[in-house]
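Enquirer: Just a sequence and a predicted model for now, questions to come.
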Amino acid sequence: MTVYQATASAPVNIACIKYWGKRDTKLILPTNSSLSVTLDQDHLRSTTTSRADPSFQKDRLWLNGEEEEIKDGGRLATCIKEMKALRRELEDKDSSLPKISGYPVHICSRNNFPTAAGLASSASGFAALVASLAALYQLPTDASRLSLIARQGSGSACRSLFGGFVAWQMGEKPDGSDSYAVQVAPREHWPDIHALICVVSDDKKGTSSTSGMQRTVETSTLLQHRIKHVVPERMRAISEAILARDFDTFARITMQDSNQFHAVALDTDPPIFYMNDVSRAIIALIVEYNRVAVANGGKLKAAYTYDAGPNAVIYAPKENIKEIVELIVKYFPQADSFKDPFGLFSGKGVTGKVVDGFNEAVAKPFGVGAVKNLIHTRVGDGPRTLGAEETLLGENGLPKQT
Ligand SMILES: Nc1ncnc2c1ncn2[C@@H]1O[C@H](COP(=O)(O)OP(=O)(O)OP(=O)(O)O)[C@@H](O)[C@H]1O
Ligand SMILES: C[C@@](O)(CCOP(=O)(O)OP(=O)(O)O)CC(=O)O
């Protein structure tokens, strides 16, 4: 008997222009456009296997080994329903296709990094879900079309359908049909963009993005200024900077937009604080690192950005990452040795140090564990369809034991 099954992986993305606010909470339509860098799946990814089988009783999903409820009308149910509808369209047009759109599905997914910890697991997770169902249903792969569906799982997920540098165009139609992701540039255009993730906390966060942003929409006057007068110009300028590989402008806008997103969170009633003392110390270090570069006649060398949590993501050209790791390690000693996927330290281990002319008084050194982990990665590609050997479901249609 034929087994209808497919496995796909999808990347995390971290926004430079932040999505924060919905004009439609059910369809997940944003109040502003946003733009992100897709990170390399070789380091951070969600992997999902989907199988359609007439013997299954109902649609089921397991995340990291635990079954998650697929609530009627909820985000998971919506994405699965929309993907089945796309398959049905194909079957209606071509009677030779097996009629699998009516079969229940079993879906098994794993994240190779902490879930719901502000590392954008919902983005890679819903993108992998949609990508695996697209492979299962053999849908023609138009990533923007699929991004319309991933968007309804989690807004930021629509950007993980592409690699490289990705914009989510907010659109204006009430039905959301013009609110999808497009690629600004593939990773090959600017492969030199690397990222250092400073994991400050991998706990489940206090205020979820979903509830936090709605409170902001309801109470912040600053948000209205941001969406009308700030984001449109920033989207234009950062897209131009990416196309011109102009890191100085890219970095300036990225930091400004992270700052404004956190200002808007603070302008919410009651206020929302996502950054903590460690996050703010990392900002001080990057600001000083850039000040030294500019004082020496150079340009900005790094950009920080923070999502709805205390973890820092530092974007920089590859050649600067070694100095940045040394800088972070000087102030935030690490319990474990730095995993050095790009061989920057030739197996020698990291010694904390600052660049010449750096004012060490800008931050106080913290103890071991304040920054728990450093992940070095870079701009990456879009979802990948994987071979049958990567399946997460056993022959019985239940998660494989790992
Ligand atoms: N691989 C996956 N497959 C399906 N759903 C997933 C997957 N990974 C995460 N999710 C969903 O996303 C939720 C976590 O999203 P949440 O927004 O709370 O955290 P986050 O994505 O880590 O943070 P943020 O989006 O603010 O950066 C999970 O509880 C789960 O419902
Ligand atoms: C701060 C952000 O990371 C917010 C992401 O919000 P989500 O996409 O997680 O929210 P929902 O659409 O409600 O699922 C900024 C961004 O990724 O653009």
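Expert: Thanks, I have the structure now. Ligands and ions are numbered 1, 2, ... in the order given.
Enquirer: all contacts plus neighbour counts: C-alpha atoms, from now on.
Expert: Noted.
Enquirer: helix, strand or coil for the closest residue to Asp178 other than its chain neighbours?
Expert: Spatial nearest neighbour of Asp178, chain neighbours left out: Gly171 (4.8 Å); criterion: CA to CA, 6 or more residues apart in numbering. Secondary structure, DSSP: H, G, I helix; E, B strand; the rest coil: Gly171 is coil.
Enquirer: Quick check: residues of the stretch 201-350 of the chain near ligand 1?
Expert: Counting by CA under 6 Å from any ligand atom, the stretch 201-350 of the chain comes close to ligand 1 at 208-209, 307-308.
Enquirer: quick check, nearest of the residues you listed to Asp257?
Expert: If you rank those by distance to Asp257 using CA to CA, Asp307 comes first, at 10.7 Å.
Enquirer: My read is that that closest one contacts Ser36, right?
Expert: No. The criterion here is CA atoms under 8 Å, and Asp307 misses it with Ser36 at 11.5 Å.
Enquirer: what about the stretch 51-200 of the chain, any weak spots by pLDDT?
Expert: Scanning the stretch 51-200 of the chain for pLDDT under 70 picks out 116-117.
Enquirer: What parts of it come near ligand 1?
Expert: Neighbours of ligand 1 within the stretch 51-200 of the chain, by CA under 6 Å from any ligand atom: 63, 109-111, 115-123, 125-126.
Enquirer: Mind checking which of those are in strands?
Expert: Cross-referencing these against strands under DSSP state E gives 63, 109-111.
Enquirer: Nearest to ligand 2 among these?
Expert: Nearest to ligand 2, judged by CA to the nearest ligand atom, of these is Asn111 at 15.4 Å.
Enquirer: Val329 versus the nearest residue to that closest one once chain neighbours are set aside, what's the distance?
Expert: Closest residue to Asn111 apart from its sequence neighbours, by CA to CA, 6+ apart: Ser46 at 4.4 Å. As judged by CA to CA, to the nearest Å, Ser46 and Val329 stand 28 Å apart.
Enquirer: Looking at the two, which has the bigger crowd around it?
Expert: Neighbour count, other CA atoms under 10 Å: between Ser46 and Val329, Ser46 has more, with 28 against 22.
Enquirer: which two in the residues of the stretch 51-200 of the chain next to ligand 1 are spaced the farthest apart?
Expert: Maximum distance among those (CA to CA): 18.2 Å, for Ser109 and Gly118.
Enquirer: Give me the more crowded residue out of those two.
Expert: For Ser109 versus Gly118, neighbours defined as other CA under 10 Å are more numerous around Ser109 (27 against 24).
Enquirer: helix or strand for the nearest residue to Phe165 once chain neighbours are set aside, which one?
Expert: The shortest distance from Phe165 to any non-neighbouring residue, by CA to CA, 6+ apart, is to Val37 (4.8 Å). According to DSSP states H and E, Val37 maps onto strand 34-38.
Enquirer: Can I get that strand in PDB, CA atoms only?
Expert: Provided in PDB are the C-alpha atoms of strand 34-38 (Å, rounded to 0.1, in the frame of the first residue of the first chain):
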ATOM      1  CA  SER A  34       8.200  43.800   8.500                       C
ATOM      2  CA  LEU A  35      11.500  42.500   7.200                       C
ATOM      3  CA  SER A  36      13.800  39.700   8.500                       C
ATOM      4  CA  VAL A  37      16.900  37.700   7.900                       C
ATOM      5  CA  THR A  38      16.400  34.000   7.600                       C
END
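Enquirer: Following the helix or strand where Met235 lies in sequence, what is the next regular element?
Expert: Assigned by DSSP H and E, Met235 belongs to helix 231-243. Where DSSP H and E defines the elements, the next helix or strand beyond helix 231-243 is helix 247-266.
Enquirer: How far away from the center of its chain is that following helix?
Expert: Per CA atoms, centre = their mean, to the nearest Å, the displacement of helix 247-266 from the mean C-alpha position of its chain is 17 Å.
Enquirer: Touching it from outside, list them.
Expert: Outside helix 247-266, the residues that touch it by CA atoms under 8 Å, 6 or more residues apart in numbering are 16-18, 20, 212-213, 216, 220, 222-223, 226, 234, 238, 241-242, 271-275, 299-307, 315, 317.
Enquirer: Counting only helices, which of the residues you listed make the cut?
Expert: 212-213, 216, 222-223, 234, 238, 241-242 (DSSP state H).
Enquirer: does Leu133 really touch Ala6, like I thought?
Expert: Yes. Between Leu133 and Ala6 there is a contact under CA under 8 Å: 7.2 Å.
Enquirer: Quick check: neighbours shared by the two?
Expert: Residues touching both Leu133 and Ala6 by CA under 8 Å, 6+ apart: Ser50.
Enquirer: As a check, name the ranges of all strands in the stretch 251-400 of the chain.
Expert: Under the criterion DSSP state E, counting those that start in this stretch, strands of the stretch 251-400 of the chain are mapped to 303-306, 312-317, 373-378, 384-386.
Enquirer: Out of those strands, which is the most enclosed?
Expert: Of all those, strand 303-306 has the most neighbours on average by mean count of other CA atoms under 10 Å, namely a mean of 26.
Enquirer: can you tell me which residues contact the nearest residue to Ile375 once chain neighbours are set aside?
Expert: In this structure, Ile375 finds its nearest non-sequential neighbour in Ile197, 5.0 Å apart by CA to CA, 6+ apart. By CA under 8 Å, 6+ apart, Ile197 lies in contact with 311-314, 374-377.
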